[in-house]
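Asks: no FASTA, just this:
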């Protein structure tokens, strides 16, 4: 293949079916991620029966261990290529273990408390490792679909839209399928069966993603040592800005997501149906945000949209605490819908910006380490999730939360504070940090020309 035809192929548009296939991968991943963000805390305290302090400690320990595994997965991705490419085969071969790990995590064994705690550690560790093993190669695929920034942004839009569909399915179908009335009052069995159904769906979605996605761009395996790759990542200042912003926003997302069920159930005094509808309002707004983001980024600077949306969402979150009184369900729904819509406008931008940062690192330092780059992003997310889980567990202890019992006024407003003020402040900080990011407009055009020149200089195959 000559250089000109190769460049035409990698710059060509990605078909709609392939974008759907690409999005199916994140839809599968988000069966687990949405469950961990929206349901796992409530499940462990109110269904499984863990003490909040034990749950919080488990989140920290497992995530710290997972953070050690994450760079290993990234290193393998950058140094091994199969006949299917560098990333796709993981989605096929790990699909069933991934689905099985979800099923086990939401299984409540008939053990004493200590044995149940051990089971929780083992199953939560398993699902976390499987999540890492499929997520690192999956998020790296965008880097080899195309070098066209607009196509990357479009593919990210499909991906995030379908991810929100998965979250919508979790918030609607899991509470409905796990209903105690269906399983003769056995809510534990209900959650197991409902998440088992979601796990099977995730397996089929991964297989569909594998069958449709093409790795158009083939980069040589990275021959640098692990320490050298880390050194080049640390020198990529734009990547570090993105990672820090992702770390802050992930803490905010996880705390708000974990507290949503408690907020709807205890502060608003809602039933399980109200709790489910409250989560659904969040995901519905996020789905609309994916569509709106695609439209807005065609007309406005995507980075400006990123930081502006975070600041506005942060301000609204703070206002929600002061404007919504307890049991004021309608106003709470309106605020939550608006916050969820605005805060998620940045999502497709973020993931396309990561791929841009990989290009930036190659142009600036002559080294391309996409697997380790996305591994660093995932590492920041894992640490943030563990920290958020510890914060939530600690807050529930401090608030003297008792599952199933009527909350005190102190606990109610503590839950409201954690649901609104803490994420709001974090989103405002994200907006401030992202104003330092410079890969936009003229700078991206210059990077594109430099990459084309580097490819043209490569010998023809």
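Replies: Noted; the coordinates are in hand. Since the model is a prediction, treat every value here as computed from it, not as a measurement.
Asks: poorly predicted segments of the chain, please.
Replies: 1-12, 179-181, 219-224, 365, 370-371, 440-461 (pLDDT under 70).
Asks: remind me, longest helix of the chain?
Replies: As assigned by DSSP state H, the longest helix anywhere in the chain is helix 113-145.
Asks: and that helix, what other elements does it pack with?
Replies: Counting contacts by 3 or more CB pairs under 8 Å, 6 or more residues apart in numbering; DSSP states H and E, helix 113-145 is packed against helix 16-34, helix 52-79, helix 88-93, helix 95-105, helix 149-177, helix 347-365, helix 370-398. Heads up, the C-betas are built off the backbone N, CA and C, glycines and all.
Asks: repeat that with 6 Å
Replies: helix 16-34, helix 52-79, helix 95-105, helix 347-365, helix 370-398 (3 or more CB pairs under 6 Å, 6 or more residues apart in numbering; DSSP states H and E).
Asks: wait, what's in contact with residue 243?
Replies: 376, 377, 380 (CB atoms under 6 Å, 6 or more residues apart in numbering).
Asks: buried sites along the longest helix of the chain?
Replies: 116-117, 119-120, 123-145 (16 or more other CB atoms under 10 Å).
Asks: next, residue 82: phi, psi?
Replies: phi -100, psi -180 (degrees, to the nearest 10).
Asks: quick check: closest non-adjacent residue to it.
Replies: Once flanking residues are discounted, residue 82 sits nearest to residue 89: 4.8 Å by CB to CB, 6 or more residues apart in numbering.
Asks: hang on, the one you found packs against residue 80?
Replies: No: taking contacts as CB atoms under 6 Å, residue 89 lies outside contact range of residue 80: 9.7 Å.
Asks: the two - which one has more neighbours?
Replies: For residue 89 versus residue 80, the count of surrounding residues by other CB atoms under 10 Å is larger for residue 89: 16 against 11.
Asks: do you know how far that one is from residue 299?
Replies: 39 Å (CB to CB, to the nearest Å).
Asks: could you do residue 438 as well?
Replies: 21 Å.
Asks: what about the two, which has more around it?
Replies: residue 438 (14 against 7).
Asks: for the nearest residue to that one once chain neighbours are set aside, pull up the helix or strand it's in.
Replies: Of all residues not flanking residue 438 in the chain, residue 238 sits nearest, at 6.6 Å (CB to CB, 6+ apart). Assigned by DSSP states H and E, residue 238 falls within helix 237-262.
Asks: buried stuff in that helix?
Replies: For helix 237-262, by 16+ other CB under 10 Å, it's 238-262.
Asks: next, the angle helix 149-177 makes with it.
Replies: Angle of helix 237-262 versus helix 149-177, following axes from the mean of the first three to the mean of the last three CA atoms, to 10 degrees, is 20 degrees.
Asks: give me the next element, helix or strand, following helix 237-262.
Replies: Next along from helix 237-262, by DSSP H and E: helix 272-297.
Asks: ok, back up a step: now the helices and strands packed on helix 113-145 in CSV, with mean neighbour count and distance to residue 156?
Replies: Formatted as CSV, the helices and strands packed on helix 113-145 follow (neighbours: other CB atoms under 10 Å; distance: least, CB to CB, whole Å):
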stretch, mean neighbour count, distance to residue 156
helix 16-34, 23, 9
helix 52-79, 20, 19
helix 95-105, 21, 22
helix 347-365, 22, 4
helix 370-398, 23, 13
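Asks: surely residue 389 and residue 57 touch.
Replies: No: Residue 389 is not in contact with residue 57 according to CB under 6 Å; the separation is 9.1 Å.
Asks: from residue 353, how far off is the closest residue to residue 54 other than its chain neighbours?
Replies: The shortest distance from residue 54 to any non-neighbouring residue, by CB to CB, 6+ apart, is to residue 117 (6.0 Å). Using CB to CB, one gets 40 Å for the distance from residue 117 to residue 353.
Asks: over to residue 136?
Replies: 18 Å.
Asks: likewise for residue 291?
Replies: 19 Å.
Asks: got TSV for the helices and strands packed on helix 113-145, with distance to residue 273 too?
Replies: Formatted as TSV, the helices and strands packed on helix 113-145 follow (distance: least, CB to CB, whole Å):
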stretch	distance to residue 273
helix 16-34	19
helix 52-79	25
helix 95-105	24
helix 347-365	28
helix 370-398	23
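Asks: among those helices, which is nearest residue 278?
Replies: Across the helices and strands packed on helix 113-145, residue 278 has its closest neighbour in helix 16-34 (14.3 Å, CB to CB).
Asks: tell me what the closest one is packed against?
Replies: helix 113-145, helix 149-177, helix 187-212.
Asks: residues contacting it, please?
Replies: 91, 102, 131, 135, 138, 155, 158-159, 162-163, 165-167, 170, 198, 202, 205-206, 208-209, 212-213.
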